[in-house]
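Asker: Need a 3D model of the following:
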Amino acid sequence: MTEISVSGICAVIVSYQPDPAAIADLLGRVMPQVGAVALVDNASGGDWQAAIGELLAAHGGALLGQPRNIGLAAAQNVGIDWARARGFRHVLLLDQDSEPGADMVAALWRALQVLSAAGKVAAVGPRFHDPREHRDAPFVRIGFPLNRKQWCAADTPSVACDFLISSGMLIPLAVLDRVGPMDAGLFIDNVDLEWGFRARAQGYALHGVCAATMYHRLGDGRRALPFGRGRIVVHGSLRLYYMMRNRLLLYRLPHTPRTWVAQDLPRVLAKLFLFGVLVGPRRRNLRCMLRGLHDGLQGRRGACPDELSGYG
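Answerer: Sure, this is the predicted structure:
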């Protein structure tokens with residue numbers, strides 16, 4: 001990557017009760033690839049912060065500790081604002097447990113330059129490789145009744161898609177100025193989906209970059225279904241609350257594709273059955289999902305109700 005591109009990119013990492021060793025590994029991977037790193041920590045606490053803060057400051061970055069858990073979206077906005085105030089031109093969003101591949105940022109940067117020369121591009125993102133799976137996660141085009149999954153081929157430099165996973169997204173700050181920040185009211189789930197829908201509604205394109213690889217464990221784990229019916233990605237009960245609530249909030253937004261709403265509705269029933277009947281802890285899962293649907297219908301935003309916070 002050229003010196004100009006390095007100096008213009010700020011990585012924004014959001015952490016919440018992270019594994020200090022994983023954070024150190026992530027910083028070791030990403031710091032050589034960008035101009036600076038802003039680590040926004042959601043009130044985790046712990047002795048690790050002093051050493052990490054010194055490391056970041058020594059390389060032009062910062063540890064931006066928050067007094068409480070403000071959620072993923074709001075924390076991303078804090079880091080984006082920090083980058084903007086210091087003259088950076090692009091931000092690279094990262095989760096605390098992601099592992100950027102070697103030269104991932106360089107590949108994203110090169111693709112962004114090529115694609116932007118041909119049209120309006122909101123963001124580019126890497127292909128995701130989960131070590132538990134036999135192949136990379138696909139990029140997705142929204143369709144009905146089913147989405148169209150698209151994988152990278154040997155001769156495919158990039159893939160147009162309708163949304164990108166937030167970790168690994170490289171976004172020009174000029175685009176964020178026009179499209180707007182991440183929706184803090186969603187708190188954690190579907191934040192990337194909503195922002196992608198908003199950008200697409202304003203005429204921007206999103207692209208997955210095949211030469212850029214992110215190693216990442218998608219979901220909280222894998223669980224076998226009864227009767228040998230395969231394995232599914234599982235999430236914690238509290239995450240299921242946000243997944244259910246936020247999808248209903250997205251249904252109401254004018255920039256959410258109606259096609260996505262139509263094909264997502266059956267997924268609500270499928271998740272209720274999977275995590276409320278087949279996959280435990282069933283009672284806790286069902287309680288969180290039903291409360292999420294209730295709060296979504298009521299238009300509740302922000303953090304979950306206090307009575308559910310212990311399920312995190």
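Asker: The stretch 201-312 of the chain: strands as residue ranges?
Answerer: 205-215, 221-224, 231-234 (DSSP state E, counting those that start in this stretch).
Asker: If you average pLDDT over each of the ones you listed, which is lowest?
Answerer: The weakest mean pLDDT among these belongs to strand 221-224, with a mean of 66.
Asker: Switch the strands of the stretch 201-312 of the chain over to a markdown table, and while doing so, append mean neighbour count and distance to residue 272 to every line.
Answerer: (Glycine included, C-beta is placed from N, CA and C.) A markdown table is the format used below for these (neighbours: other C-beta atoms under 10 Å; distance: least, C-beta to C-beta, whole Å):
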| stretch | mean neighbour count | distance to residue 272 |
| --- | --- | --- |
| strand 205-215 | 22 | 30 |
| strand 221-224 | 13 | 16 |
| strand 231-234 | 14 | 14 |
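Asker: Residue 164 - how many residues pack around it?
Answerer: Per other C-beta atoms under 10 Å, the neighbour tally for residue 164 reads 28.
Asker: Not counting its neighbours along the chain, what's nearest it?
Answerer: Spatially, and ignoring its direct neighbours in sequence, residue 164 is nearest to residue 125 (3.8 Å; C-beta to C-beta, 6 or more residues apart in numbering).
Asker: Give me the secondary structure label for that neighbour.
Answerer: What DSSP: H, G, I helix; E, B strand; the rest coil gives for residue 125 is strand.
Asker: Could you do residue 106 as well?
Answerer: Per three-state DSSP, residue 106 ends up helix.
Asker: Repeat that for residue 30.
Answerer: Classified using three-state DSSP, residue 30 is helix.
Asker: residues contacting it?
Answerer: Contact analysis of residue 30 by C-beta atoms under 8 Å, 6 or more residues apart in numbering lists 11, 13, 37, 92, 94, 100, 105.
Asker: do that again at 6 Å, thanks
Answerer: Contact analysis of residue 30 by C-beta atoms under 6 Å, 6 or more residues apart in numbering lists 11, 100.
Asker: tell me the pLDDT at it?
Answerer: On the pLDDT scale, residue 30 gets 98.
Asker: Please name the residues that touch the residue lying closest to residue 211 once chain neighbours are set aside.
Answerer: With C-beta to C-beta, 6+ apart as the criterion, residue 211 has its nearest non-adjacent residue at 4.1 Å, and that residue is residue 107. Counting by C-beta under 6 Å, 6+ apart, residue 107 touches 209, 211, 212.
Asker: try it again with 8 Å
Answerer: Counting by C-beta under 8 Å, 6+ apart, residue 107 has contacts 126, 209, 211, 212.
Asker: same thing with residue 59?
Answerer: Residue 59 touches 31, 36, 37, counting by C-beta under 8 Å, 6+ apart.
Asker: And residue 130, how close does it get to residue 302?
Answerer: From residue 130 across to residue 302, the span is 30 Å (C-beta to C-beta, to the nearest Å).
Asker: same check, this time on residue 260
Answerer: With C-beta to C-beta as the criterion, residue 260 and residue 302 are 23 Å apart.
Asker: and what of residue 253?
Answerer: Residue 253 is 16 Å from residue 302, by C-beta to C-beta.
Asker: where's the residue nearest to the spatial centre of the chain, which helix or strand?
Answerer: The centroid of the chain falls nearest to residue 166 when counting by C-alpha atoms, centre = their mean (2.9 Å). Taking DSSP states H and E as the definition, one finds residue 166 inside no helix or strand.
Asker: so what's it closest to, chain neighbours aside?
Answerer: Spatial nearest neighbour of residue 166, chain neighbours left out: residue 192 (3.7 Å); criterion: C-beta to C-beta, 6+ apart.
Asker: Tell me where the stretch 51-200 of the chain has helices.
Answerer: Secondary structure of the stretch 51-200 of the chain by DSSP state H, counting those that start in this stretch: the helices cover 72-85, 104-116, 173-179, 191-201.
Asker: Could I get the contacting residues of residue 170?
Answerer: Contacts of residue 170 (C-beta under 8 Å, 6+ apart): 9, 90, 91, 92, 105, 108, 109, 112, 123, 124, 125.
Asker: which among those residues gets closest to residue 181?
Answerer: Ranked by distance to residue 181 (C-beta to C-beta), the contacts of residue 170 are led by residue 91 at 10.9 Å.
Asker: I'd say the closest one and residue 78 touch.
Answerer: No. Proximity of residue 91 to residue 78 does not meet the contact threshold set by C-beta atoms under 8 Å, at 11.5 Å.
Asker: Looking at those two, which is more packed in?
Answerer: Neighbours per residue, other C-beta under 10 Å: of residue 91 and residue 78, the larger number sits with residue 91, 26 against 20.
Asker: what's near enough to touch that one?
Answerer: Counting by C-beta under 8 Å, 6+ apart, residue 91 touches 9, 10, 11, 12, 79, 80, 83, 170, 171, 173, 176.
Asker: Direction included, what does the one helix or strand the third one maps to pair up with?
Answerer: When you say that, I think you mean residue 11. Here residue 11 sits within strand 9-15, counting by DSSP H and E. Strand pairing for strand 9-15, using DSSP bridges, gives strand 36-41 (parallel), strand 90-95 (parallel).
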